[in-house]
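Asks: 3D model of this:
(2 chains)
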2 protein chains.
Amino acid sequence: MIPHTGNVFVISAPSGTGKSTLTSRLVKNMEGLIFSISTTTRQAREGEVEGKDYFFVDHDAFDRTVAEGGFLEWVEVYGNRYGTGRDWILGMLAKGVDVLLDIETQGALNVQERMPDAIMIFLLPPSAKELERRLRSRGKDSEEQIELRLNYARHELEHFPQYDHLIVNDDLEEAYRQLESVVLAARSRRCRMEATARRLLSEF
Amino acid sequence: MIPHTGNVFVISAPSGTGKSTLTSRLVKNMEGLIFSISTTTRQAREGEVEGKDYFFVDHDAFDRTVAEGGFLEWVEVYGNRYGTGRDWILGMLAKGVDVLLDIETQGALNVQERMPDAIMIFLLPPSAKELERRLRSRGKDSEEQIELRLNYARHELEHFPQYDHLIVNDDLEEAYRQLESVVLAARSRRCRMEATARRLLSEF
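Replies: Alright, predicted model coming up:
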């Protein structure tokens, strides 16, 4: 089979929806799908590996890449910046590797503008009550933080119309199966199979 | 969960590609997916059941439905006519049932024009040689018929650009998995999940 170019998947979800569980399993199980590696100005933490966890750069290098339009999206969090490098992703896609970007709704919108071919996936909690229950049961957040997270969840959910697929994480197995199908189905899209079809046609 | 409306899937493939094997298994295994039932002027054969295998009608009734624009597509084969009734399909979709239409490329194009939301799937043989080998090994056709089938396969393959998904049936299990994902992925499309997302949003 002639190698097709890879697909970009963007996944967003309110905190507590189960995104990390689902995406880690997905990348582990599916051949030819990897997480995007972000570039950051943050200091590497104990055990973090350059080019595996992040690409670590200083603020000047980050600024230059921003100025060159080299990021598909970037954000600043607590004084540290995180960006998705365009060239690295394009390199993976050219090799036929699918790349999964786990980003919040604003970053997702930026990626979509620059890569209209990207498959946009939004993970939904089954209900507001259940999301609240999950956030509480983690025991990580104060009452105030839970309030903030729920408010932010609402803000993020308002962006659902910009996504191609909406998957409810009620039953984890079912949500996983749906997520996996979106990735598999994207691989048989005509735009990805065009070369194969043309080659086949030329044999007749 | 609020019931969503169903999806229409149209599948086409050159004769010998394995479409019947794959679609029968798909409809058997997947809940909420049924084959479209055609309306025909052909006489019912021994064992065929009205409303299960076909809707049997006379030529006048068929003509009236054609005149009313009641068919999404119809064809004439050896003096018998076969059509896909619009109202029956719309009734199923309203109940949230997904409907699979197994039709050739011209009919597929007609359905797509009337239902732009339909998911168009084209099944490809791995190679022209392999298709020829499969046709021969069935032992059903004369040399001349095999020539005709291969010519017609070429004609059908030329229509691939009108399809959303192209699935190569090289390994049956893999092709089945891809086909199944296209159906599952269609169910999480935003247009199908919009009501669920709006209801969720209203809870916050």
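
Asks: list the residues that contact residue A:80.
Replies: By Cβ atoms under 8 Å, 6 or more residues apart in numbering or on different chains, the residues touching residue A:80 are A:40, A:41, A:42. For the C-beta atoms, the positions are set from N, CA and C on the backbone; glycine is no exception.

Asks: can you list phi and psi of the second one for me?
Replies: If I follow you right, that is residue A:41. Dihedral pair for residue A:41: phi -90, psi -10, per degrees, to the nearest 10.

Asks: spatially nearest residue to it, not counting backbone neighbours?
Replies: Leaving aside its sequence neighbours, residue A:41 sits nearest to residue A:81 (Cβ to Cβ, 6 or more residues apart in numbering or on different chains; 4.7 Å).

Asks: so who does the one you found touch?
Replies: A:40, A:41, A:42, A:59, A:62, A:74, A:75.

Asks: which one of the contacts of residue A:80 is nearest to residue A:91?
Replies: The shortest approach to residue A:91 among the contacts of residue A:80 belongs to residue A:40, at 18.7 Å (Cβ to Cβ).

Asks: distance of residue A:203 from residue A:140?
Replies: Residue A:203 is 58 Å from residue A:140, where distance means Cβ to Cβ, to the nearest Å.

Asks: which members of the contacts of residue A:81 are the farthest-apart pair?
Replies: Maximum pairwise distance in the contacts of residue A:81, criterion Cβ to Cβ, is 14.6 Å, between A:59 and A:75.

Asks: just the buried subset of the contacts of residue A:81, please.
Replies: Using 16 or more other Cβ atoms under 10 Å in any protein chain shown as the burial test, these include A:40, A:41, A:42, A:62, A:74, A:75 as buried.

Asks: just the ones in helices from those residues, please.
Replies: residue A:62 (DSSP state H).

Asks: out of the buried ones among the contacts of residue A:81, show me where the pLDDT dips lowest.
Replies: On pLDDT alone, residue A:75 ranks lowest of the buried ones among the contacts of residue A:81, at 91.

Asks: I figured it hits residue A:106, correct?
Replies: Yes: using Cβ atoms under 8 Å, residue A:75 makes contact with residue A:106 at a distance of 7.4 Å.

Asks: beta partners of residue A:35?
Replies: Counting by DSSP bridges, residue A:35 forms beta bridges with residue A:100.

Asks: any idea of the pLDDT on it?
Replies: 96.

Asks: hang on, it packs against residue A:103?
Replies: No: using Cβ under 8 Å, residue A:35 is not in contact with residue A:103, being 11.1 Å away.

Asks: of those two, who's got more company?
Replies: Neighbours were counted for residue A:35 and for residue A:103 using other Cβ atoms under 10 Å in any protein chain shown; residue A:103 has more, 20 against 14.

Asks: wait, the more buried one sits on residue A:118?
Replies: No: contact criterion Cβ under 8 Å: residue A:103 and residue A:118 do not qualify, at 10.9 Å.

Asks: if I look at the two, which residues touch both of them?
Replies: Here residue A:103 and residue A:118 share the contacting residues A:10, A:111, scored by Cβ under 8 Å, 6+ apart.

Asks: mean confidence for the helix or strand hosting residue A:199?
Replies: Assessed by DSSP states H and E, residue A:199 sits inside helix A:190-202. In this model, helix A:190-202 has an average pLDDT of 94.

Asks: quick check: buried residues in that helix?
Replies: Using 16+ other Cβ under 10 Å as the test for burial, helix A:190-202 gives A:190, A:192, A:193, A:196, A:197, A:200.

Asks: between the residues you listed, which is nearest residue A:97?
Replies: Among the buried residues of helix A:190-202, residue A:192 lies closest to residue A:97 (Cβ to Cβ), at 12.6 Å.

Asks: gap between the closest one and residue B:150?
Replies: In this view, residue A:192 and residue B:150 are 26 Å apart by Cβ to Cβ.

Asks: and if you look at residue A:19?
Replies: Plainly put, residue A:19 is 49 Å away from residue B:150 if you go by Cβ to Cβ.
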